[in-house]
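Asker: need the 3D shape of this:
(chains A and B)
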Number of protein chains: 2
Amino acid sequence: MLLEDVLIVDPVDGEYVGTIEFDKKVEKIVRSNKTHYNSIIMPAFVDPHIHGIMGIDTIASSSNDFQKFKEYEALEGVFLFFPTTVTCTLEKLNDISNNLPDGLKLHIEGPFISEERKGAHNEKYIINPPKNISELEKYIPIEKIGIITIAPEKENFLYFADSCNEKGIRISLGHSNANFETAKMAYEKGYKRITHFPNALSPMHHRDLNMVGAGFYFDFIVEIIADGIHSAPEFVDLVYKIKGADKIILVTDSISATGLKDGDYLLGDLPVKVVDGIARLSNGTIAGSTLRFSQALKNFQKFTKCTLQELAKVTSYNACKDLGLDCGRIAEGKDAKFVQLDNELNILKTWNY
Amino acid sequence: MLLEDVLIVDPVDGEYVGTIEFDKKVEKIVRSNKTHYNSIIMPAFVDPHIHGIMGIDTIASSSNDFQKFKEYEALEGVFLFFPTTVTCTLEKLNDISNNLPDGLKLHIEGPFISEERKGAHNEKYIINPPKNISELEKYIPIEKIGIITIAPEKENFLYFADSCNEKGIRISLGHSNANFETAKMAYEKGYKRITHFPNALSPMHHRDLNMVGAGFYFDFIVEIIADGIHSAPEFVDLVYKIKGADKIILVTDSISATGLKDGDYLLGDLPVKVVDGIARLSNGTIAGSTLRFSQALKNFQKFTKCTLQELAKVTSYNACKDLGLDCGRIAEGKDAKFVQLDNELNILKTWNY
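Answerer: Numbers count the residues shown, from 1 in each chain, chains lettered A, B, ... in the order given. The predicted model follows:
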């Protein structure tokens, strides 16, 4: 295959006009001295935090649903995603993992979270983590777990996190009411990733920075839901200005209502009402998003005026690096997983997934 | 006068060993290639926000008190300070200005502030500003006013601020409950200074940055009380990391109890109890500080690990520039107002004031 005179956007090599020859891998890239180009080629996207889309909910998915999930994500430009659970029983996690096809890994968000910062999670299933991931392994095979969101103030946090770390499971701090001291402890122990910053985290106070302040203060990498609802556009821009494009991972946090009409849905077993695309519990708590990844990148670019190279970082490369995966690049020898976009960042075509 | 082989710290020229020849002005500076020095010479300090010290309170000061105030400040290394009022009647401001010696200008903090963010100010005297500074001029001569703290959400804000600006009075945003939109409006109209950030300001929320978020988001210059009480050391460090040393002005916000024992004092007409050096109203609200300027600079350096050149900016040069004054430098032709310090930043001697 040949893509001629396209704007190639690589997170490392930058933006340049060139021609790409590829099959499953990128075989050859030839730089051009032309300035005109017809379309933009970016690395295909990664969404590490997504509950559902088009009526599909991770927590209630059959094998067939997961296949459809992959197809919908491909339309969004996403080649790698982590179906994300909400707080539920360990037995329920077992059911889900049984239906999960090979090649997909879960993001387990809860049940090891804070009651005070539960957001749209069902409090009755919240528990402390076991001391060792082996206890969880009785319900769900290690190889089916990609990420676990956990509040660092939970009992056994360090024991559990360290045992996950040894097994290659990525720990993300989230749904946490921790103070600055606890946030600092977790950071210094190597746990440097935060789930949907700054949502469901103890807010910054000037006499205790808490989780949100720690997120700014230390060199954490943070998930951001760039829907303009979970946080104001200026907040997203502030995170970008302070932390820079290397420390942001865009996620959708989208739920089954995404792509469907306003109305009544479920998130886990909690009823959710979607009005004007905003999903809430009956008490008004925001309950995930209806954000599509194809919109998230446009929003982020609009909120921050970032470069395309930076956009390639926050939509793919940072998530790949964070997970220890060799992806998110457009370079010779790398997987040829691309998104082709027009100048308004509309997706024209996806390649190889 | 001659100071030989001292470490000269200038906010513009940086830090270097040299010899200074001076009388009222700096006559000559000769750089040395020695690395050893006996003491540090920094520009004398400026405190734009100080209510009192050693039993003296701006709001209850006689002419004689103001003279003593100057002497006490000289001991702190401060050659220029703005005696700061608390919210009171315009008649009271008239009394104060009648006692104010030539060469001193007031920082008028209130009565044009927010009821919701009044801090330790007496709500019963809070009023909207007049449309024009000329209304205030009936009570206090323009030349006796240096700075006015005002909440940007108050009625007539822009009319009043613009009329102050024309007369060379510095407007500082403070004691404000403004949302982001109002903060942005004030910033875009040119009002880019914030009083004792982040105290008595609407806190940052991720769905409305409010005043504190706006302080981080825009290029405001901010007063900081570096006592470790008004805000945590990490908060001060966060402001330094995000905004940089060019955008910070150290102030003490100190009250009459400063330098005296714990006990009962007044701030304006409100009773204040000082316990372990922390001044509070009976409801627990922090009521100014007991911070000495000579301690503020040590704290800031400890909290941020800033360079001495940066310390010269936050203790003097930034305040001078902000007020349109030619001071805060150690350079040939400039006023020879210095502080001589040892390596632990203890003040050894002050020069020319």
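
Asker: how about residue A:112, secondary structure?
Answerer: At residue A:112 the chain is in coil, as set by DSSP: H, G, I helix; E, B strand; the rest coil.

Asker: can you give me every residue that contacts residue A:239?
Answerer: By Cβ atoms under 8 Å, 6 or more residues apart in numbering or on different chains, the residues touching residue A:239 are A:197, A:216, A:222, A:224, A:248. For every residue, glycine as well, the C-beta is placed using N, CA and C.

Asker: can we see that at 6 Å?
Answerer: If you count contacts by Cβ atoms under 6 Å, 6 or more residues apart in numbering or on different chains, residue A:239 has none.

Asker: and for residue A:100?
Answerer: If a contact means Cβ under 6 Å, 6+ apart, then residue A:100 has residue A:144 as its contacts.

Asker: could you do residue A:328 as well?
Answerer: With contact set as Cβ under 6 Å, 6+ apart, residue A:328 has these partners: A:43, A:316, A:317, A:320.

Asker: got TSV for the residues you listed, with neighbour count and secondary structure too?
Answerer: Supplementary listing: these in TSV, determined by neighbours: other Cβ atoms under 10 Å in any protein chain shown; DSSP: H, G, I helix; E, B strand; the rest coil:
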residue	neighbour count	secondary structure
A:43	28	strand
A:316	30	helix
A:317	26	helix
A:320	20	helix
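
Asker: can you tell me the element the residue nearest to the spatial centre of chain A falls in?
Answerer: The residue at the geometric middle of chain A, judged as the C-alpha nearest the mean C-alpha position with Cα atoms, centre = their mean, is residue A:48 (3.0 Å). Using DSSP states H and E, residue A:48 sits in strand A:45-50.

Asker: which of the residues in stretch A:99-113 are buried?
Answerer: Taking 16 or more other Cβ atoms under 10 Å in any protein chain shown as the neighbour-count basis, stretch A:99-113 is seen to contain the buried residues A:99, A:100, A:104, A:105, A:106, A:107, A:108, A:109, A:110, A:111, A:112, A:113.

Asker: and for stretch A:14-26?
Answerer: Residues of stretch A:14-26 classed as buried under the neighbour-count rule (16+ other Cβ under 10 Å) are A:15, A:17, A:18, A:19, A:20, A:22, A:26.

Asker: can I get the residues you listed in JSON lines with pLDDT, distance to residue B:300 and secondary structure?
Answerer: As requested, those are exported to JSON lines (pLDDT from 0 to 100; distance: Cβ to Cβ, whole Å; DSSP: H, G, I helix; E, B strand; the rest coil):
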{"residue": "A:15", "pLDDT": "97", "distance to residue B:300": "41", "secondary structure": "strand"}
{"residue": "A:17", "pLDDT": "98", "distance to residue B:300": "49", "secondary structure": "strand"}
{"residue": "A:18", "pLDDT": "97", "distance to residue B:300": "50", "secondary structure": "strand"}
{"residue": "A:19", "pLDDT": "97", "distance to residue B:300": "55", "secondary structure": "strand"}
{"residue": "A:20", "pLDDT": "97", "distance to residue B:300": "53", "secondary structure": "strand"}
{"residue": "A:22", "pLDDT": "96", "distance to residue B:300": "55", "secondary structure": "strand"}
{"residue": "A:26", "pLDDT": "97", "distance to residue B:300": "51", "secondary structure": "strand"}
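
Asker: pick out the most distant pair among those residues.
Answerer: Largest separation among those by Cβ to Cβ: A:15 and A:22, giving 18.3 Å.

Asker: ok so, going back, let me have the buried residues of stretch A:14-26 in CSV, extended by distance to residue A:6.
Answerer: Putting the buried residues of stretch A:14-26 into CSV (distance: Cβ to Cβ, whole Å) gives the following:
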residue, distance to residue A:6
A:15, 11
A:17, 7
A:18, 7
A:19, 7
A:20, 7
A:22, 12
A:26, 13
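
Asker: circling back to that earlier point, just checking, what packs against the next helix-or-strand element following the strand holding residue A:48?
Answerer: The C-terminal neighbour of strand A:45-50 among helices and strands, as given by DSSP H and E, is strand A:52-53. Contact here means 3 or more Cβ pairs under 6 Å, 6 or more residues apart in numbering or on different chains; DSSP states H and E; on that basis strand A:52-53 packs against no helix or strand.

Asker: could you give the average pLDDT over the helix or strand just after strand A:52-53?
Answerer: Sequence-wise, the next helix or strand beyond strand A:52-53 is strand A:56-57, with elements assigned using DSSP H and E. Within the predicted structure, the mean pLDDT of strand A:56-57 is 96.

Asker: quick check: mean pLDDT of the helix or strand just after strand A:56-57?
Answerer: Using DSSP H and E, the next helix or strand after strand A:56-57 towards the C-terminus is helix A:63-75. When pLDDT is averaged along helix A:63-75, the result is 95.

Asker: ok, residues contacting helix A:63-75?
Answerer: The contact list for helix A:63-75, computed with Cβ under 6 Å, 6+ apart, reads A:53, A:54, A:56, A:81, A:99, A:101, A:350, A:353.

Asker: hey, where'd the strands end up in the stretch 151-300 of chain A?
Answerer: Taking DSSP state E, counting those that start in this stretch as the test, the strands found in the stretch 151-300 of chain A are A:170-173, A:193-194, A:221-225, A:248-251, A:263-267, A:270-275, A:278-280.

Asker: so of the ones you listed, which one's packed in deepest?
Answerer: The highest average neighbour count among the strands of the stretch 151-300 of chain A, using mean count of other Cβ atoms under 10 Å in any protein chain shown, belongs to strand A:248-251 at a mean of 27.

Asker: strands paired with that strand, and their directions?
Answerer: Next to strand A:248-251 in the sheet, as set by DSSP bridges, lie strand A:221-225 (parallel).

Asker: what's the angle from the strand it pairs with to strand A:45-50?
Answerer: Put simply, strand A:221-225 runs at 80 degrees to strand A:45-50, going by axes from the mean of the first three to the mean of the last three Cα atoms, to 10 degrees.

Asker: C-alpha coordinates for strand A:221-225, PDB please?
Answerer: C-alpha atoms of strand A:221-225 as PDB (Å, rounded to 0.1, in the frame of the first residue of the first chain):
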ATOM      1  CA  ILE A 221       0.500  11.200  33.900                       C
ATOM      2  CA  VAL A 222      -3.200  11.900  33.900                       C
ATOM      3  CA  GLU A 223      -6.300  10.600  32.000                       C
ATOM      4  CA  ILE A 224      -8.400  13.500  30.700                       C
ATOM      5  CA  ILE A 225     -12.000  13.400  29.500                       C
END
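
Asker: can you pick out the most distant pair from the buried residues of stretch A:99-113?
Answerer: Farthest-apart pair in those is A:99 and A:113; separation 23.4 Å (Cβ to Cβ).
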